[in-house]
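S.K.: Sequence first, then the predicted structure, then my questions.
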Amino acid sequence: MIVEKIIGDARDFQGEDLKIDKVYLDYLGMGKPHQKLTAESGEKIAISLDHGEHLFCGAVLYKDSERMIVVDMLPEDVLEIRPEGNRQWAKTAFNIGNMHHPAYLYDDCIRIPYDGILENLMKSIGVAYTRCERKLDGEKAAQTVGNHQHHHHHHHHHNEE
């Protein structure tokens, strides 16, 4: 099966009593518009999405009168960070962004794929965090402008004495 378009969100079809066949992806897989997957049923699926279309948790890849194939996420090794107050939120967001690290926003926390350097950074700025297994299914913190990711280059000047 070749999927070139996402049909919708699984929540849109909740009342239809369909059998759900899932494909599981990690956060890196969610970002790939072209890939080969295998559903729980064993069915092979080739994904080839149009430019600008992306996979998400709950994306319906196929639907007929009996079943639908839905994207779900695998729990991953993450840091679940819980800043308190504006200053901690600002320091946390700045440091994650400065490291060009993916971040996922939730009402009460930020989740990032586990990274030892960022764990030490969170410890040093005194932000509460937990290392745990969770899905990275929140709002992606990096936004795109005009379908292009914003990139910038770092220039560091070191004075030699």
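M.R.: On my side now, so go ahead.
S.K.: who are the neighbours of the worst-scoring helix or strand of the chain on mean pLDDT, in terms of helices and strands?
M.R.: Confidence across the helices and strands of the chain bottoms out at strand 139-140, with a mean of 88, counting by mean pLDDT, DSSP states H and E. Where contact means 3 or more C-beta pairs under 8 Å, 6 or more residues apart in numbering; DSSP states H and E, strand 139-140 is packed against strand 104-105. To be clear about C-beta, it is placed using only N, CA and C from the backbone, and glycine gets the same treatment.
S.K.: other SSEs contacting the strand it packs on?
M.R.: Judged by 3+ C-beta pairs under 8 Å, 6+ apart, strand 104-105 is in contact with strand 110-113, strand 139-140.
S.K.: For E16, find the nearest of those.
M.R.: strand 139-140 (27.2 Å; C-beta to C-beta).
S.K.: shaky segments in this structure?
M.R.: Scanning the chain with the threshold set as pLDDT under 70 gives 143-161.
S.K.: can I see the domain layout of it?
M.R.: As given by automatic domain parsing, the domain ranges for the chain are 2-73, 76-140.
S.K.: May I ask you to confirm that G97 belongs to a strand?
M.R.: No: the assignment for G97, made by DSSP: H, G, I helix; E, B strand; the rest coil, is helix rather than a strand.
S.K.: Do you have the helices of the protein handy? List them.
M.R.: In the chain, the helices defined using DSSP state H lie at 27-30, 85-98, 116-125.
S.K.: Any idea which of those helices gets closest to F56?
M.R.: With C-beta to C-beta as the yardstick, what comes closest out of these is helix 27-30 (6.8 Å).
S.K.: can you pull the buried residues of the closest one?
M.R.: For helix 27-30, the neighbour count (16 or more other C-beta atoms under 10 Å) marks Y27, G29, M30 as buried.
S.K.: could I get those as TSV with distance to P113?
M.R.: Shown next, in TSV, are these (distance: C-beta to C-beta, whole Å):
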residue	distance to P113
Y27	6
G29	12
M30	12
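S.K.: Considering the residues you listed, which is situated nearest to K123?
M.R.: Y27 (23.1 Å).
S.K.: Chain neighbours aside, what residue packs nearest to the closest one?
M.R.: Using C-beta to C-beta, 6 or more residues apart in numbering and skipping residues adjacent in sequence, the residue nearest Y27 is L136, 4.2 Å away.
S.K.: List the contacts of that neighbour.
M.R.: D26, Y27, M73, E76, V78, P102, Y104, R111, P113 (C-beta atoms under 8 Å, 6 or more residues apart in numbering).
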